[in-house]
Each structure stands twice: as structure tokens, then as C-alpha cells.
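Q: okay, here's the prediction I keep looking at, along with the sequence it came from:
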Amino acid sequence: MKPWHELGITDDFIFCKVMQNESICRQMLELLLNIKIDRLDYVQNQYSISPDYNSHSIRLDVYVKDKDKVYDIEIQTTDKHNLEKRARYYQSLMDIDQLERSMDYRQLKESYVIFICTFDPFGIDSMIYTVKQVFAEYPTITYDDKTHKVFYNLSASELQREDSKLGTFLRYLETNRPNDGFTNLISKEVESIKHSTKWRKEYMTINDWIRDELEKGIAAGIEERWETEVEKRMEAEVKKEVEKRMEAEVAKEVAKEVAKNEAKHEEDIYRIAKEMLENKIDVETVASITHLSKDKIMELK
């Protein structure tokens, strides 16, 4: 991981902290999607979605909602060659996260998955890749399930010539050099975060965890493990709780079975004792064989 003083806006930690500012997050979405947003209901960073403890969880960088849309915004600095399927999985789990049991599918909000990449994700040198679904037989007709996937390429050659607020914003992400009111606002927010003892301490704690892992010899895939550590721990806790409940249920069933067997055994002892008495066997002999008290045996007569 980078030293604290070298972090910039495209570093995941800083980007997520900046997006906690509702105004900046809202303005950024308006720029990226060319839409108007009245108000974001809430902003949530590093949000984990886990359908169940045995499924692959996701951790969304920035997950925000307004009254009728949901947005996932991801900063991607490493090309892992899996963005298409990753975006597909993110969108499906966002739907699961929205739709509670017994809700109608019509209640699903329009959803956007947005990847801002420091590399060209599809190798066409386009600044923006907007995914649209159409019918193969009728390519002019859109299949509109209200899902959207948009990818931004900060390495695009056209970005240097793009004369718009969006171009200025994307160039700021690529260079860390602000050039208008909005990017200056973001730059000041970045500086404020980097002067925060609280955020620096949090980042150092993450660094310490990674260092500990390296010292244990677990160097391979360390960045990926850091990205998923939170949800893994959550999965482990859920699994532990399920196992605990299952153990409790098993113990309860075993206790019931033991009690049932003990009751049956006691019933058999009394039956045997009664049969012995009916066959004129004396009380002392019955007591020595069944281990019942003489008083209990006398009650059977």
C-alpha cells in the first residue's frame, strides 16, 4: 500500500472518504450520468452485501440511493479482466439487497453500476463505455430492465481534448490537478481527509494488518484479501452463529431422546417388577434385581 502522503483521489481509501460528502457525491453522479438528483437518501461506503454465508459477498466502494434509483460507484486501478462479470454480479446483488420478501418486482429501483478505471477496460480508447441492451432481432429497440452499466476510461486520448465539466472532472481524477470550482472543492476535501488524524489512523491500521499478514508469509493476493476481509469476517460470524444454533437444536433433540429412553426404561423396570410379584417372587429378590426400593415394589402389589 502507498504511504499516507502519496494518496490521491483515485486511491480507494481517499475516494470512499470523499464520497461521504453528500453534496460532492451528488454532483459527481449528476456529471457522470448527465441527470439531475434532488437529494441522496444516504451515502454508504464499503457496503457489504452477502446473500448467505455460503455465497460470494461483495463490498461496494460507494453505494448511494435517491428516491427511485440506486448507484454503485467503483474506482478501479488494476485491470483484473473481469469487469463485465463483476458488474453483472454487483447489479444482481444490489437487486437482492433492495427486494425484501413478498415485495413485487415492480418495486425494484432503477440501478446504475459505475466503474471509473485508470486503464482502458475494453481497449477501444473510448472515454466512456455505456452498456445498453437491445433485442438481437430488432437492434433499434432497447430492452429496458432499468439497469445501467457505465465505464469511464481515464487513459483515453480524447480526454485531453474534452472541453466539458465532465472532461475537467475526469482529468482531475487522472492528474490530481483541479481546474474548476467542483474539482477545487474535491481537492480541498482530499486535503481535509489527509490532515485528519482519525482517517490517517484508520489507514495505518489497515497497513498494520497487511504487514502482519506479510510477516506470516501470506503475501500472495494480499490486496484482494484486504478488499474482502470485512465481508469474510462477517461471513464467518454468520456461519458461526448458524452452527451454534444447529448445535443447540441437536443438543435439544438428543436431550429429548435421552429423556424418552429413560422414561421407557423406567416403565420397563416397573413392568418387570410387577410380573415378578405376580409370579410369587419375594420382595427382597425383586428389589435386588430391579434396584427399586422395597416401598416402590410394595406399591405395585
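A: Sure thing, it's come through.
Q: which stretches of the stretch 201-301 of the chain have low pLDDT?
A: For the stretch 201-301 of the chain, applying pLDDT under 70 flags the ranges 209-243, 245-246, 250, 254-255, 258-259, 262-263.
Q: so which residues of it form helices?
A: 222-278, 283-290, 294-300 (DSSP state H, counting those that start in this stretch).
Q: counting by contacts, list what the shortest one packs against.
A: Right, helix 294-300. helix 222-278, helix 283-290 (3 or more CB pairs under 8 Å, 6 or more residues apart in numbering; DSSP states H and E). In this view, the C-beta of every residue, glycine as well, is placed from N, C-alpha and C.
Q: quick one: what helix or strand has E84 in it?
A: Using DSSP states H and E, E84 sits within helix 83-98.
Q: ok, now which ones touch the nearest residue in space to E174 that is not next to it in sequence?
A: Excluding its sequence neighbours, the residue lying closest to E174 (CB to CB, 6 or more residues apart in numbering) is L154, at 4.2 Å. Applying CB atoms under 8 Å, 6 or more residues apart in numbering to L154 gives the contacts 10, 116-119, 170, 173-174.
Q: of those residues, just the buried ones, PyMOL syntax please.
A: Only the buried entries of the contacts of L154 go into this PyMOL selection, using 16 or more other CB atoms under 10 Å:
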select buried, resi 10+116+117+118+170+173+174
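Q: keep only those of the contacts of L154 that are in helices.
A: 170, 173-174 (DSSP state H).
Q: as CSV, these with pLDDT and distance to K274 would be great.
A: Listed next are the ones in helices among the contacts of L154 as CSV, based on pLDDT from 0 to 100; distance: CB to CB, whole Å:
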residue, pLDDT, distance to K274
L170, 97, 93
L173, 96, 90
E174, 94, 94
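Q: between those residues, which is nearest M127?
A: Nearest to M127 among the ones in helices among the contacts of L154 is L170, at 7.1 Å by CB to CB.
Q: doesn't L159 make contact with the closest one?
A: Yes - using CB atoms under 8 Å, L170 is in contact with L159, at 5.7 Å.
Q: name the residues contacting each of those two.
A: M127.
Q: picking up where we left off before, can you give me the distance of the residue nearest to E174 to G167?
A: 11 Å (CB to CB, to the nearest Å).
Q: what does R86 give?
A: Using CB to CB, R86 is found at 26 Å from G167.
Q: all helices in the stretch 1-150 of the chain, in order from the N-terminus.
A: Under DSSP H, counting those that start in this stretch, the stretch 1-150 of the chain gives helices at 12-18, 22-33, 83-98.
Q: deepest-packed of those, please.
A: helix 12-18 (a mean of 21; mean count of other CB atoms under 10 Å).
Q: now do the same for the residue nearest to E174: its pLDDT.
A: Looking at L154, its pLDDT stands at 97.
Q: from here on, count from 8
A: Sure thing, new numbering starts at 8, so read that last one as L161.
Q: was I right about K201 contacting W11?
A: Yes - look at K201 against W11 with CB under 8 Å: they come within range, at 7.1 Å.
Q: overlap of the contact sets of the two?
A: Common neighbours of K201 and W11, using CB under 8 Å, 6+ apart, are R207.
Q: quick revisit: which neighbours do L161 and G174 have in common?
A: Common neighbours of L161 and G174 (CB under 8 Å, 6+ apart) do not exist.
Q: output the helices of the stretch 8-157 of the chain as TSV; include the columns mean pLDDT and distance to Y119.
A: Shown next, in TSV, are the helices of the stretch 8-157 of the chain (pLDDT from 0 to 100; distance: least, CB to CB, whole Å):
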stretch	mean pLDDT	distance to Y119
helix 19-25	91	17
helix 29-40	95	7
helix 90-105	90	9
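Q: reformat the ones you listed as TSV; add distance to A143.
A: Below are the helices of the stretch 8-157 of the chain laid out as TSV (distance: least, CB to CB, whole Å):
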stretch	distance to A143
helix 19-25	37
helix 29-40	26
helix 90-105	18
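Q: closest to Y210 out of those?
A: helix 19-25 (5.6 Å).
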